[in-house]
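*Asks:* can you look at this prediction? I've put the sequence above it.
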Amino acid sequence: MTHPLRAPYPPRSGETLLPWDQRPPAVHPKVLRDELVAAAEWVSGYLSGLPAGPVVRPMPPGQRAGLREGRLGGRTGDLGGVLDFVRDEIAPFPTGNGHPAFFAWVNSPPAPAGVIAELLACAVNATCGMGENALMDLERGTVRMLAGLAGLPDGTGGVLTSGGSMANLLALATARTWFLTRRGSSDGPAYDRDHARLTLYCSAQAHMSVSKAATCIGLPAHRLRPVATDAHDRLDPTALRAAVAADLDAGLLPFCTVSTLGTTATGAVDPLRPVTRLCRSVGMWHHADGAWGGLGAAIPALAPLYRGVDELDSMTVDPHKTLSVPVGCGALLVPGPEHLHTAFAHQASYLAADEPDALPWLSHATIELTRPGTRALALWATLQHLGRDGVTDLVEHYLRLAEQLRDRITSEPRLELLAGGPWPVACFRVTDPGSGDPDAFHTRVARRVQDNGRAYLATVAVRGRTVLRACLCNYRTTEDDLDLLISEVLHAADADDHPTTTPTGRPPDRR
């Protein structure tokens, strides 16, 4: 008998109504297996064939408009159409970070172990926010692995996030709660009074996600203090101390300093111990944004720069940068994980833990309730495939390539190396940009390299000048790719004087 409030599902004319276990999203096991096999074969061929193709392709305006249109038909579709759609409409137009000649941003290719793990985690489909399950415990374990690699103390906890931006947001929110709680002003009029005086400090080279996170927790721009850097692009502790002292004299409340471990522009590492000493002396939280360079303590050549890392209050690490875990997999690591729970734990009758002695759910350490298990399994699989020695070897591979690239730039009379390191990045310019605005010239050079499709780099502002920036974060990059990049830059610079183009509007192929 049909329930009086539920109308029967009406079959279309000429169709037989199938039971729900045979209607979409359900699918016959054999069909699912065949489509998974076809998808796996395509993925393998796609990844292996990336180096032979262009880094990026221009997307036809019609295809771009079609994707944006978001048209949904009324009839059920063929499951095989998913692979067809990706092959024809998505895969030909990537960001480019899978290609070994991609040098623009800190975007890595996906590690094969992570690709496999993401598929498997999607099948399990457990949330890592509430309800005890194996993937939640695995996340706790992978956080401990990351903390060990980062040089943080035993007992460090934390959560995996979508990336460094979310990790930095969680860190600043935690620091604020910690600071105000210690002052006895975590609520009420005292909260309003003290929150209106909070000030935040970071390097002038800090990632833009720090200022965005500050805005999200209610700090206006005029209470964010970008601190001057030294000749090596590191935060200057003397300038930081002066800024903090001035704010204290003005009756403001310095609550947190953010150091950067591997700046986006030049790969610089801020000094940790002097900053921590200052933070301790005035009662501030010390957070380190190590989205790119958070694992430097595990690398012998970089370890001296990370002395004092074990004294931090929190750290951001992005496994989808340094370790090639598929995006998005970031992490916030906190030696005192109880501070996360103070900031984010909320109760609800429908979310009571099943066991009275269970560990706090991971949703109590972040703003997410429903959280994907793909992060934990993809990170675990990548770490297991690498091992500790493999992590070191991978980063050292990038460091060697960066040093070789800097050597090539230095030995080329037409190029000038301006900055770079210790993390694997090189910032450089063409020595003779000709007449006109040199900043605009280098922007045009980068655009021509990108449009030509054989290599890809970006620009960045360094000490008030627009420069070409190349970073190394692709495990498939070779010395041949470095030579290709230099060649493409020089050809693009020549094209500024001789702007001959092909019929498609791209620079001619000079290889």
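*Replies:* Nice, I can see it.
*Asks:* all contacts plus neighbour counts: C-alpha atoms, from now on.
*Replies:* Fine.
*Asks:* so what touches stretch 237-245?
*Replies:* When contacts are taken as CA atoms under 8 Å, 6 or more residues apart in numbering, the neighbours of stretch 237-245 outside the stretch itself are Y201, R225, V227, A228, P254, P271, P274, V275, L278.
*Asks:* low-confidence ranges in the stretch 251-400 of the chain?
*Replies:* By pLDDT under 70, the weakly predicted segments of the stretch 251-400 of the chain are 353-357.
*Asks:* all strands of the stretch 201-350 of the chain, in order?
*Replies:* Counting by DSSP state E, counting those that start in this stretch, the stretch 201-350 of the chain has strands at residues 224-227, 253-260, 285-290, 314-317, 330-334.
*Asks:* residue nearest the centroid of this structure?
*Replies:* What sits nearest the mean C-alpha location of the chain, by CA atoms, centre = their mean, is G163, with 4.4 Å.
*Asks:* does P51 belong to a helix, a strand or coil?
*Replies:* When states are read from DSSP: H, G, I helix; E, B strand; the rest coil, the local structure at P51 comes out as helix.
*Asks:* where does it land on pLDDT?
*Replies:* With respect to pLDDT, P51 has a value of 93.
*Asks:* excluding its backbone neighbours, what's nearest it?
*Replies:* Nearest non-adjacent residue to P51, counting by CA to CA, 6 or more residues apart in numbering: H99, 5.5 Å away.
*Asks:* doesn't S48 make contact with that neighbour?
*Replies:* No - under the criterion of CA atoms under 8 Å, H99 makes no contact with S48, lying 10.2 Å away.
*Asks:* show me the contacts for the residue nearest to P51.
*Replies:* Under the contact definition (CA under 8 Å, 6+ apart), the residues listed for H99 are L50, P51, V55, P109, N474, R476.
*Asks:* host element of it?
*Replies:* Counting by DSSP states H and E, H99 is held by no secondary-structure element, helix or strand.
*Asks:* please enumerate the helices of the stretch 401-511 of the chain.
*Replies:* Under the criterion DSSP state H, counting those that start in this stretch, the stretch 401-511 of the chain contains helices at 438-452, 479-497.
*Asks:* and among those, the most buried is which?
*Replies:* Of all those, helix 438-452 has the most neighbours on average by mean count of other CA atoms under 10 Å, namely a mean of 20.
*Asks:* could you report the neighbour count for the closest residue to P372 other than its chain neighbours?
*Replies:* Using CA to CA, 6+ apart and skipping residues adjacent in sequence, the residue nearest P372 is T127, 5.4 Å away. Applying the criterion other CA atoms under 10 Å, we find 20 residues in the vicinity of T127.
*Asks:* quick check: pLDDT value at T127.
*Replies:* Residue-level confidence at T127 comes out at 91, pLDDT.
*Asks:* cool, R511 as well?
*Replies:* As predicted, R511 sits at a pLDDT of 30.
*Asks:* check contacts around R447.
*Replies:* A458.
*Asks:* how much space separates it from T95?
*Replies:* Counting by CA to CA, to the nearest Å, the gap from R447 to T95 is 14 Å.
*Asks:* follow-up on the earlier one: pretty sure the residue nearest to the centre of the chain sits against C329.
*Replies:* Yes - applying CA under 8 Å as the test, G163 and C329 come out as touching, 5.4 Å apart.
*Asks:* between these two, which contacts overlap?
*Replies:* Taking CA under 8 Å, 6+ apart as the contact rule, the neighbours common to G163 and C329 are D318, H320.
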